[in-house]
Structure formats: C-alpha cells, structure tokens
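# Sequence and predicted structure, then a few things I'm wondering about:
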Amino acid sequence: MLKIEDINVYYGNIQALKGVSMEINEGEIVTLIGANGAGKSTLLKTISGLLKPKQGKVLFEGDSIGGKAAQSIVKMGISHVPEGRRVFANMTVAENLELGAYLRKDKAGIHKDMEKVYELFPRLLERIKQQAGTLSGGEQQMLAMGRALMAKPRLLLLDEPSMGLAPLLVKQIFNIIQEISESGTTILLVEQNANLALSIADRAYVVETGRIVLSGNAEELTSSEEIKMAYLGGH
Ligand code: ATP
C-alpha cells in the first residue's frame, strides 16, 4: 500500500532521515520505535506531505506522493494525527469533526462516518457542544483521532497517541486503535511505549538517528534481546 524508497529528508542543513526505506501492506498495523529525536515524526510528516524528501520515493498505491501537497495526500486517503493532539481549541467537538471532512462532498457518507466516530468514542458524543480547548488530554487525543477518521483514510498515521495520558486511558486508546484497524484501516503508529506498540502491531521498524536499523514482525522483535535491552526496559 505504501512504499518508501531510500528517502533523505532535511531541516535546512540538518539531515533527519538518511536513506530510509520501508513498506506498509494493506490491513497492517506497523509501528516505528526509537528514541526521542530518532526521526519518527519526520517520517510521518514526510508521508503526509508536510515535509518533502530531497531524495528518494514515497509511493502510495503505486502513485508517487513525495512531492505532493498535504491536502492532495489527504484526498488520496492518508490522514495524519500529529504529536501533541492539536485540536481547534475555540471550536466545539462537533465542529472539529466536521472540519476533518472538509475535503469531502458526500454528505450522507460524512454523516454516517460522524456517527461511527461517536460510536468509537462515546465520550465525544457526551461532549459534542463543548469547546475542544476545555477537553481533557485524553479527550483531545480522541478528538484528534476522530477528526482524522472523518477524512475517511485508508492509511492512518498516529504520532504518539499515548503521550501524557494515564495508563487506563492509554489502554482505552490502544483498544480503539485495534478497533480502527479491524474495521479495515491500515495504521502506521509512532509510539514511545514500545512494549505497548509491539503488542498490537503486526510489524515494526526501529529508527536510530535517521536510519532504519532493524525491522521484523512484532513478535520476533519483542523477543529479541537487542530490542529488549534498548527499548523494552531490559526485561
Ligand atoms: P520525538 O519522539 O522526540 O518527536 P522523533 O523520533 O519523532 O522524536 P523527529 O521529531 O522526527 O524525531 O526529529 C528528528 C531529528 O530532526 C531530530 O534531531 C530533531 O532535532 C530534528 N528536527 C525535528 N524537527 C525539526 C525542525 N523543525 N527543525 C530542525 N530540526 C528538526
């Protein structure tokens, strides 16, 4: 579904991704693990068109998207939930969700997807008229995910959905990620909590200082001594 071939991405003179190649097959949950600053968010931003690779290819269902505008990429079926759950603070929950569908014209479909989002996140339905800025951190994460789903993505990019959330909420969010996956959406998940990410992922890539240093299926990586020592707390 998504194929990345040997991309280099820079911030000015700083090279953040160095010859990264990876792929995601339809229906998979793939996770990127790696320390702070390794380049995980940069990779998501490159896929969603917020950054352009200086070299290499990003192919989505065979089409090159590496130089396309972010908006066209959303239209093609890729939604990005950025780190830090940026919601529109002065708008209500419902308005935030509507904005997620702004590129769509199928009113009936939009309505149906809105209902699906409220089913997935009943908490958002309870707070439908509340201003997004007054929601708790967990609720804002749900809203950011709900808004991304309103674009009807086939590939959903999630950047650190568990960040700053209490363990119980993290568990809830991860259950919902699994539900989203089961309903047919392919997922690329960036997560500091490697244990948790590997527990729901099919495959994983390990990123270190801008390079992919290891990849494999999630079960294999969970039992690898190297991964245990570096990313899973050494147990
Ligand atoms: P984190 O979990 O902390 O977000 P990450 O693996 O997602 O880490 P990136 O945010 O992709 O890492 O950062 C990769 C590298 O690029 C880091 O060295 C970072 O300092 C640098 N970088 C990120 N954003 C910018 C920017 N806007 N300008 C310059 N350098 C940046």
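Cool, got the structure.

# Spatially central residue for this protein, please.
Among the residues of the chain, the one closest to the centroid is Leu158, at 1.6 Å (CA atoms, centre = their mean).

# Are there helices or strands packed against the one helix or strand in the chain whose mean pLDDT sits lowest, and which ones?
Sorted by mean pLDDT, DSSP states H and E, the helices and strands of the chain end with helix 225-231, the least confident at a mean of 80. Packed against helix 225-231, as judged by 3 or more CB pairs under 8 Å, 6 or more residues apart in numbering; DSSP states H and E, are no other helices or strands. Where C-beta positions appear, they are placed from N, C-alpha and C, glycine not excepted.

# let's go with 10 Å and repeat that
The helices and strands touching helix 225-231, judged by 3 or more CB pairs under 10 Å, 6 or more residues apart in numbering; DSSP states H and E, are strand 29-33, helix 194-200, strand 203-208, strand 211-217, helix 218-223.

# quick one: which of these is nearest the ligand?
Set against the ligand and scored by CB to the nearest ligand atom, those come closest in strand 203-208, at 6.2 Å.

# How is the spatially closest residue to Leu17 that is not a sequence neighbour assigned, secondary-structure-wise?
Using CB to CB, 6 or more residues apart in numbering and skipping residues adjacent in sequence, the residue nearest Leu17 is Val9, 4.0 Å away. Here Val9 is strand, with the state taken from DSSP: H, G, I helix; E, B strand; the rest coil.

# Check Lys3 too.
Here Lys3 is strand, with the state taken from three-state DSSP.

# For it, list each beta-bridge partner.
Note on Lys3: beta-bridge partners Glu23, Leu59, judged by DSSP bridges.

# Hmm, it is touching Glu26, no?
No - Lys3 is beyond contact range of Glu26, at 11.9 Å (criterion: CB atoms under 10 Å).

# So which residues on this protein come close to the ligand?
Tyr11, Ile14, Ala16, Gly34, Asn36, Gly37, Ala38, Gly39, Lys40, Ser41, Thr42, Glu83 (CB under 6 Å from any ligand atom).
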